[in-house]
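Novice: could you look at this predicted model? Sequence included:
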Amino acid sequence: MFVIKSAPLRRAVRAFVPFALIPALVALGALVLRQKNYALISLLIALLSFMLFAAGFEKKKTGSRRLVLVAVMVALSVAGRFIPVFKPVTALTILTGVYLGGEAGFLTGSLTAVLSNFYFGQGPWTSFQMMALGLIGLFAGFLSGPLKRSRIILVLYGALAGVAYSFIMDIWTVVWYGNGFDTALYLTSLVSAVPYTVSYVISNTVFLFIFAKPFGEKFTRVKLKYGV
């Protein structure tokens, strides 16, 4: 695993990759390439997610240990997508961000989307799923302090994450139906997606309420033991 040793470069990667470069790639795939080369867009986003992850640590040894934990969380999240209706994917992504850092949360969400879609179906929507889940994990890392201290705040964040995921995916719905973004169609999509949004919110809150304490204890123990 490579390490980004320059502190200014790490800060630049943390700011530019998730908030500029990846959204630009998603927009390129949706508005310009549309149904073409979506696999290439997903691959590039995955590579950028690894770059962002590498910017989250200074030592190769620390990053390698953290990557093992991320791999475990990705495996659990991918398996979680096979659970009918209520899925723990977003909750696991949030917990990764809270306890392993926002960069690890972004990588977990991004890889979960692209890897699980090898079974559920790859397409232009994959890049939107990668970005949506990745950003949810990233912001969980940014807010790790209050999210660790209060389960109520953590559950509330999970609920808001479910709404945010639906809002981002409905952008894809609008772009897919038309040749660009249409506000009226977007609002209609949001209304029609209410049952799905509610299911996201409920599943996130339930799984975070159940998993927060045991996962938090395990992560804390591993971090202390292995210096992650």
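Specialist: Right, received. Where do you want to start? Residues are numbered from 1 along each chain as shown.
Novice: would you list every one of the helices in this protein?
Specialist: Along the chain, counting by DSSP state H, helices occupy 7-16, 22-27, 38-54, 60-80, 89-100, 102-120, 125-142, 144-149, 151-177, 183-192, 194-226.
Novice: please list all residues in contact with Val148.
Specialist: In this structure residue 148 is Lys, not Val. Val98, Tyr99, Leu154, Gly216 (C-beta atoms under 8 Å, 6 or more residues apart in numbering). Quick note: C-beta positions are derived from backbone N, CA and C, even for glycine.
Novice: Leu143: which of these is nearest?
Specialist: For the contacts of Lys148, the residue nearest Leu143 by C-beta to C-beta is Val98; the value is 7.9 Å.
Novice: that closest one contacts Ala104, doesn't it?
Specialist: No. Judged on C-beta atoms under 8 Å, Val98 makes no contact with Ala104 at a distance of 9.8 Å.
Novice: overlap of the contact sets of the two?
Specialist: Common contacts of Val98 and Ala104 (C-beta under 8 Å, 6+ apart): Gly141.
Novice: contacts for stretch 32-48?
Specialist: With contacts defined as C-beta under 8 Å, 6+ apart, stretch 32-48 is touched by 17, 21-22, 25-26, 28-29, 110-111, 114, 122-124, 126-127, 130-131.
Novice: do stretch 64-80 as well
Specialist: With C-beta under 8 Å, 6+ apart, stretch 64-80 has contacts from 1, 53, 56-57, 87-89, 92-93, 95-96, 100-101, 104, 107-109, 111-112, 115-116, 219, 222, 226-228.
Novice: going through those residues, which ones are buried?
Specialist: Taking 16 or more other C-beta atoms under 10 Å as the criterion, what is buried in these is 53, 56-57, 87-89, 92-93, 95-96, 100-101, 104, 107-109, 111-112, 116, 219, 222, 228.
Novice: list the contacts for the residue lying farthest from the centre of the chain?
Specialist: In the chain, counting by C-alpha atoms, centre = their mean, Ala184 sits farthest out from the average C-alpha position, at 27.4 Å. By C-beta under 8 Å, 6+ apart, no residues touch Ala184.
Novice: I figured Leu100 hits Phe219, correct?
Specialist: Yes. With contact defined as C-beta under 8 Å, Leu100 reaches Phe219; the gap is 6.9 Å.
Novice: which residues of the protein score low on pLDDT?
Specialist: For the chain, the stretches with pLDDT under 70 are 1-3, 5, 34-35, 58-62, 179, 228.
Novice: just the helices of the chain: most buried one?
Specialist: helix 89-100 (a mean of 29; mean count of other C-beta atoms under 10 Å).
Novice: now Gly63. Nearest residue, chain neighbours left out?
Specialist: Nearest residue to Gly63 in three dimensions, chain neighbours excluded: Phe57, at 4.4 Å (C-beta to C-beta, 6 or more residues apart in numbering).
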